[in-house]
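Student: here's a sequence, model it:
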Amino acid sequence: MTERRDVAIVGGGAAGLLLGCLLAQRGIDVVVLERRASPSRSSRAIGIHPPGLRALDAAGVGAAVRAEGHRVRGGIALAGGRQLARLRFDDLIHTLPQHRTEALLRERLAALAPGALRQGTEATGVRAAADGVALETAEGRVDARWVVGADGVRSTVRELAGIGVRAHRGTGPYAMADGPDGTGARGIALLHLERDGIVESFPLPGGARRWVARLREPEPAMTAERLQAILAARLAEPPRLPSDAPASAFVARQRLATTFARGPIALIGDAAHEVSPIGGQGMSLGWLDALELDRAIAAAAGPDPFAAYAAARRRAALRAMRRAAWNMGMGAPVQPAGRAARLALARALGLPPARGALAAAFTMRGL
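Tutor: Presented below is the predicted three-dimensional model:
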């Protein structure tokens with residue numbers, strides 16, 4: 001069976017769903033193909049930065065996200081339990097588990113274009129067609145004028161389009177888990193700059209908090225008990241994680257596609273850029289890709305319709321990667337002499353005019 005669509009989006013995660021909503025609002029005939037048969041509920045992105053929230057507003061779900069999310073109005077840097085610096089966010093960051101944000105986007109897409117989301121459908125081939133791209137699936141073929149790869153860091157669309165990936169600076173092992181928030185710092189992100197590595201925590205809806213710790217070495221078999229021991233060794237007042245809290249470990253890395261578009265095929269989100277989650281910019285960055293690609297599709301013409309989109313969003317991704325690499329460097333394990341210099345820098349960054357620039361970076365201005 002062959003069907004014809006204006007746009008076929010491969011990947012029904014946060015970025016692909018948002019782009020699907022934007023296109024459907026303009027009356028574009030769009031289909032979103034998602035390999036997974038059911039949504040993931042794994043512990044993933046939580047941060048929704050101001051530009052990302054504006055993208056959600058454009059897709060018609062911003063109000064729902066505000067209603068469910070937790071507002072983060074600032075951050076405090078500490079060392080040994082003592083405050084080094086404090087930031088206030090004039091533009092609030094919101095936190096909401098990614099599976100809830102994606103659920104709201106799925107509901108919106110279903111209202112705009114019933115049946116547009118095809119779960120359990122995997123793209124297996126991409127080739128040029130007479131008037132666009134032929135996308136092969138196990139169920140048949142989708143002929144589309146434009147194809148968008150929103151299918152994550154192991155993007156099938158990117159690979160089939162012959163687009164390469166290059167590693168960039170910024171890597172490190174981390175562990176994380178969610179638990180009850182007993183810090184008393186409601187609405188505040190806490191950054192503990194300790195010798196053995198940073199411990200970060202972020203408030204979540206429902207009185208919860210996410211804890212993230214930099215590790216010296218990767219520990220794939222992470223448990224709540226092991227993470228509790230790490231936090232207890234570094235913090236004067238460690239949290240009490242539930243023994244059954246799902247703990248996970250990951251190695252943050254940064255990779256960038258060599259181009260974000262090739263002819264009628266474009267990439268957005270993690271398919272285009274794998275940005276370290278330290279700083280939490282990846283999901284919102286993908287939404288900004290979607291906003292720009294929606295505009296590019298509206299004006300698309302000629303043999304290279306997405307060249308301007310690709311150049312602009314690649315520059316933005318590089319800026320985000322530099323910020324994330326800096327964040328990771330500030331949180332890496334350090335020797336005593338280096339730690340003293342790092343703490344002095346943290347204090348200086350908490351003072352004007354650096355404080356304003358740092359707050360702007362954390363809230364994703366300029367991306």
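Student: show me what the longest helix seen in the chain packs onto, helices and strands only.
Tutor: Ranked by residue count under DSSP state H, the longest helix found in the chain is helix 307-331. Helices and strands touching helix 307-331, as assessed by 3 or more Cβ pairs under 8 Å, 6 or more residues apart in numbering; DSSP states H and E, comprise strand 165-180, strand 248-257, strand 261-262, strand 273-274, helix 282-298, helix 336-349. Using the backbone N, CA and C atoms, a C-beta is placed for each residue, glycine as well.
Student: deepest of the ones you listed, which one?
Tutor: strand 273-274 (a mean of 26; mean count of other Cβ atoms under 10 Å).
Student: run through who's touching that strand.
Tutor: 153, 253-257, 282, 285, 314, 317, 320-321 (Cβ atoms under 8 Å, 6 or more residues apart in numbering).
Student: of those, closest to Arg145?
Tutor: Ala257 (21.6 Å; Cβ to Cβ).
Student: in space, what's closest to that closest one - neighbours in sequence excluded?
Tutor: Take Ala257 and drop its neighbours on the chain: the residue closest to it by Cβ to Cβ, 6 or more residues apart in numbering is Ala272, 5.0 Å away.
Student: same question, Pro277
Tutor: Nearest residue to Pro277, sequence neighbours excluded (Cβ to Cβ, 6+ apart): Ala252, at 6.0 Å.
Student: now do Ala249
Tutor: Counting by Cβ to Cβ, 6+ apart, Ala249 lies nearest to Met222, which is 3.8 Å off, once chain neighbours are set aside.
Student: could you grab the helix/strand/coil label for Cys21?
Tutor: When classified by DSSP: H, G, I helix; E, B strand; the rest coil, Cys21 comes out as helix.
Student: ok, it - contacts?
Tutor: Cys21 sits in contact with 59-61, 105, 108-109, 112, where contact means Cβ under 8 Å, 6+ apart.
Student: can you check Arg347 too?
Tutor: Going by Cβ under 8 Å, 6+ apart, Arg347 touches 84-85.
Student: could you measure from it over to His192?
Tutor: 15 Å (Cβ to Cβ, to the nearest Å).
Student: one step back: now the two most distant members of the contacts of strand 273-274.
Tutor: Among these, the pair separated by the greatest distance (Cβ to Cβ) is Arg253 and Arg314, at 17.8 Å.
Student: what is the burial count for Asp244?
Tutor: 7 (other Cβ atoms under 10 Å).
Student: now it: closest residue in space that isn't a chain neighbour?
Tutor: Nearest non-adjacent residue to Asp244, counting by Cβ to Cβ, 6+ apart: Ala224, 7.0 Å away.
Student: how about the helices in the protein?
Tutor: Assigned by DSSP H, the chain shows helices spanning 14-25, 50-59, 62-68, 98-112, 156-160, 224-234, 282-298, 307-331, 336-349, 354-362.
Student: Tyr309 contacts Ala261, correct?
Tutor: Yes. At 6.3 Å, Tyr309 counts as touching Ala261 under the criterion of Cβ atoms under 8 Å.
Student: mind putting the contacts of Cys21 into TSV with pLDDT, distance to Gly302 and neighbour count?
Tutor: Formatted as TSV, the entries for the contacts of Cys21 read as follows, by pLDDT from 0 to 100; distance: Cβ to Cβ, whole Å; neighbours: other Cβ atoms under 10 Å:
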residue	pLDDT	distance to Gly302	neighbour count
Ala59	98	27	25
Gly60	98	31	19
Val61	98	33	23
Leu105	98	31	29
Arg108	98	32	21
Leu109	98	29	29
Leu112	98	29	19
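Student: show me the shaky parts of this protein.
Tutor: Under the criterion pLDDT under 70, the flagged ranges of the chain are 43.
Student: tell me what Arg82 is bridged to.
Tutor: Partner residues in beta bridges with Arg82: Ala79, with DSSP bridges as the criterion.
Student: then Pro180?
Tutor: So, taking DSSP bridges as the rule, Pro180 has Ala208 as bridge partners.
Student: separation between it and His70?
Tutor: Plainly put, Pro180 is 14 Å away from His70 if you go by Cβ to Cβ.
Student: repeat for Arg54
Tutor: From Arg54 to His70 the distance is 18 Å (Cβ to Cβ).
Student: neighbour count for these two, which is higher?
Tutor: Legend: neighbour count by other Cβ under 10 Å for Arg54 and His70, higher for His70 (22 against 15).
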